[in-house]
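Peer 1: Okay, sequence plus prediction incoming.
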Amino acid sequence: MAEDEIVCGIDEAGRGPLAGPVCAAAVILTVRPKIRGLNDSKQLTETQRDGLAVKIKRRALAWGVGWASAAEIDQLNIRQANFLAMRRALEAMMAMGKLLPHLALVDGNDPPPLPCAVRTIIGGDALEPMISAASILAKTARDAVMVDLCRLYPGYGFSKHKGYGVPQHLAALRELGPCPEHRMSFSPVRESVRAA
């Protein structure tokens, strides 16, 4: 990477759950960010993530969050919806920072179509600070939305499991059927409808 090259990190949260949106975040940090504890969001406690999210937003040169709804996931498929959330996160970050990155570092091995060069890094959320920061922002933003959805749709336990297919959630699906935030294209949700 050239010294004057603008690089951002991008990661998502919420590909696997049965309910709720998928969220992506894009972050540009300084070359040597003074944010201790950056790591893959899944390796951090909720308290650690929340504290780091505040620091990231305060110290990042630019950051943005993008979403794709459960309806968009059903319409497009989860891969394309994930790419859409990443593009929206990049656009939100560019609007905030007035910076068009030359390169996006993306966790994983599936490069999204973006208006800049893309380099994928397997395990990047634990290896690259900008991807770690994006991972944390995406996870904390999505978790907050799932807590709100738990108030709207009580009985599913969204605030506890964040929409993942844990036994409590599957039991609620069988008992209550899906709510408007469930991903109907995901087989456990479809099966709960057929079983009703």
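Peer 2: Thanks, I have the structure now.
Peer 1: make it CA atoms for all contacts and neighbour counts henceforth
Peer 2: Fine.
Peer 1: in the least confident helix or strand in the chain by mean pLDDT, what counts as buried?
Peer 2: Ranked by mean pLDDT, DSSP states H and E, the helix or strand of the chain with the weakest confidence is helix 187-195, at a mean of 84. Neighbour-count burial for helix 187-195, counted by 16 or more other CA atoms under 10 Å, picks out 188, 189, 192.
Peer 1: Give me the contacts around that helix.
Peer 2: Residues from elsewhere that reach helix 187-195, judged by CA atoms under 8 Å, 6 or more residues apart in numbering: 18, 165, 170, 173, 174, 177, 178, 182, 183, 184.
Peer 1: what stretches of this protein score poorly on pLDDT?
Peer 2: The chain contains residues with pLDDT under 70 at 1-3, 33, 195-196.
Peer 1: Scan the chain for its longest helix.
Peer 2: For the chain, the helix that runs over the most residues, judged by DSSP state H, is helix 129-152.
Peer 1: and the least confident helix or strand of the chain, how far from the chain's centre?
Peer 2: 25 Å (CA atoms, centre = their mean, to the nearest Å).
Peer 1: ok, back up a step: take the buried residues of helix 187-195 and write them to a markdown table, including distance to residue 79.
Peer 2: Formatted as a markdown table, the buried residues of helix 187-195 follow (distance: CA to CA, whole Å):
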| residue | distance to residue 79 |
| --- | --- |
| 188 | 18 |
| 189 | 18 |
| 192 | 23 |
